[in-house]
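Colleague: Pasted the sequence and its predicted model underneath.
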There are 2 protein chains.
Amino acid sequence: MDSLFVIKIGGNVIDDEENLSAFLQNFAAIKGKKILVHGGGKIATKIGEQLGIQPNYINGRRITDAATIDLVTMVYGGLVNKKIVAKLQSLHCNAIGLTGADANIIPAIKRPVKDIDYGFVGDVLQDKMGVKNLEVLLANNFTLVIAPLTHDSNGQMLNTNADTIASSLAVALSKAYDVRLIYCFEKSGLLENVDDDDSVITLITKEKYQQLLADKKLFDGILPKIDNAFAAINGGVKEVLIGHANDLLQNVTANTKGTLIK
Amino acid sequence: MDSLFVIKIGGNVIDDEENLSAFLQNFAAIKGKKILVHGGGKIATKIGEQLGIQPNYINGRRITDAATIDLVTMVYGGLVNKKIVAKLQSLHCNAIGLTGADANIIPAIKRPVKDIDYGFVGDVLQDKMGVKNLEVLLANNFTLVIAPLTHDSNGQMLNTNADTIASSLAVALSKAYDVRLIYCFEKSGLLENVDDDDSVITLITKEKYQQLLADKKLFDGILPKIDNAFAAINGGVKEVLIGHANDLLQNVTANTKGTLIK
């Protein structure tokens, strides 16, 4: 099987022009098939403020109301996505920017209301993903740049977490490719000691994960990432790597840095 | 050769939710290969005002400054494009939304400064268009939805007139397809008498065009459209049809309404 990299970058890369430029150069240099999933960054919040869209929280969770889904469709699907695509094209990487609505690659269901109505948030319908369309695009050597947006198949765009988009894509394509899923974030990997950037845990297995949980060694923010990672592994993804964008992409096939999850 | 419809809609369709919905139903029902090019509509102006971006004119021509290119990248490339794509997907039309940067389909050059510096406006590089990528996408039965944006191949998005995008695409694909280019606008076609919607000129040839020009029968706003149409015909496009969206698309193969240019 061909190998495929699914790489997710977050706000810390997107918000800084220089960081983004360095990252995209490394990304463009990766040989073979690849998908880039980007988050939103602070620009959506900034433009939202300018437009008078008040962030709306219930129990500390951000709600995607009608104004906000239009905002993120503009900013993630338009501004951020096309800036990345144009930059990659300048680096001779044949990028094509998509949301989950394009080619119906990521259909979702508007999150059912239980305790909280999250508004226009989409839960990915993993079994209905547009795998065939994704495979056609990859087979024709397009590099896919994916914004964290899905759709409900009734004409409504939905907001979906970028980490989830990345793991859903990785799983969906794991039957056709040897998929390596890479989460870039602001730290060098999962740390034994959160204040010591040199304490990277190089390998996490399921047993190690249970032990870390029992020892309360994992800080809250990282738990959803690891859960996503194991969900991906259980779904057929070969391995997941978590770490700093600059470390990981400079020698992406060597896997010598960051935290490897298998 | 297979036939291909390249259909351009303007603000009058996009600005009205009901109009757009009716149009997209007719568009989705067209059998065979098709491309939809959309303009911007009033929404960009409205959001620009809310963001405090002042429209900047020199000699009556709108200038695309740095704030404005970001604005139209967001609104045309994100909000408008993805709303159309999501709606088409709900109608089981396998739409994929693109700008000229995506898959490098429409490279352009920032318009050289002569009398006026238009800012981030792109003149299409017709000979460098990504014809092969366009053909791959069409061959795989994707319906392309194109925002009026190009790129300079150095990472900068550019603003390009949607009529020009439509004729450039039509010409670029005329070697591989029997292309019919359809401009939808707010009138029923080219009118002998601009105040009489029943005075549609059904056929314009080059001779007829010269005669209409000599008789001063053409109002200013329509001249660029006809020039674009003849440029397309000269470039290999089979025929160009100009008229009202509702009239044209209900029976698109019959060509019984609007103005036909051959």
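Modeller: Now that the structure is in, tell me what you want to look at.
Colleague: after the helix or strand hosting A:Ile242, next one along is what?
Modeller: In this structure, A:Ile242 sits in strand A:239-244 according to DSSP states H and E. Beyond strand A:239-244 in the direction of the C-terminus, DSSP H and E gives the next helix or strand as helix A:245-250.
Colleague: tell me what that next one is packed against?
Modeller: helix A:17-29, strand A:178-185 (3 or more Cβ pairs under 8 Å, 6 or more residues apart in numbering or on different chains; DSSP states H and E). C-beta: built from backbone N, CA, C; applies to glycine.
Colleague: Mind listing residues that contact the lowest-mean-pLDDT helix or strand in chain A?
Modeller: Across the helices and strands of chain A, mean confidence by mean pLDDT, DSSP states H and E is lowest for helix A:245-250: a mean of 77. Contacts to helix A:245-250, defined as Cβ atoms under 8 Å, 6 or more residues apart in numbering or on different chains, come from residues A:7, A:9, A:12-13, A:19, A:22-23, A:26-27, A:30, A:182, A:184, A:188, A:241, A:257-258.
Colleague: which of the residues you listed count as buried?
Modeller: The neighbour-count criterion (16 or more other Cβ atoms under 10 Å in any protein chain shown) marks A:7, A:9, A:12-13, A:22-23, A:26-27, A:30, A:182, A:184, A:188, A:241, A:257-258 among the contacts of helix A:245-250 as buried.
Colleague: circling back to that earlier point, can you put the helices and strands packed on helix A:245-250 in TSV and add distance to A:His151 and mean pLDDT?
Modeller: Output for those, formatted as TSV (distance: least, Cβ to Cβ, whole Å; pLDDT from 0 to 100):
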stretch	distance to A:His151	mean pLDDT
helix A:17-29	26	93
strand A:178-185	23	94
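Colleague: Looking at these, spot the one closest to B:Arg61.
Modeller: helix A:17-29 (29.9 Å; Cβ to Cβ).
Colleague: Quick one: list the elements packing against the closest one.
Modeller: helix A:11-14, helix A:81-90, helix A:245-250.
Colleague: right, so these: which one is the most enclosed?
Modeller: helix A:81-90 (a mean of 26; mean count of other Cβ atoms under 10 Å in any protein chain shown).
Colleague: List the contacts of stretch A:100-109.
Modeller: So stretch A:100-109 is in contact with A:98-99, A:122-125, A:128-130, A:133-134, A:137, A:146, A:149-153, A:157-158, A:160, A:165, A:168-169, B:82, B:85-86, B:89, B:94-97, B:142, going by Cβ under 8 Å, 6+ apart.
Colleague: For the stretch 51-200 of chain A, which segments count as helices?
Modeller: A:66-74, A:81-90, A:131-139, A:162-172 (DSSP state H, counting those that start in this stretch).
Colleague: got CSV for the ones you listed, with distance to A:Leu203 and mean pLDDT too?
Modeller: What follows is these, written out as CSV (distance: least, Cβ to Cβ, whole Å; pLDDT from 0 to 100):
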stretch, distance to A:Leu203, mean pLDDT
helix A:66-74, 36, 96
helix A:81-90, 31, 98
helix A:131-139, 29, 98
helix A:162-172, 19, 96
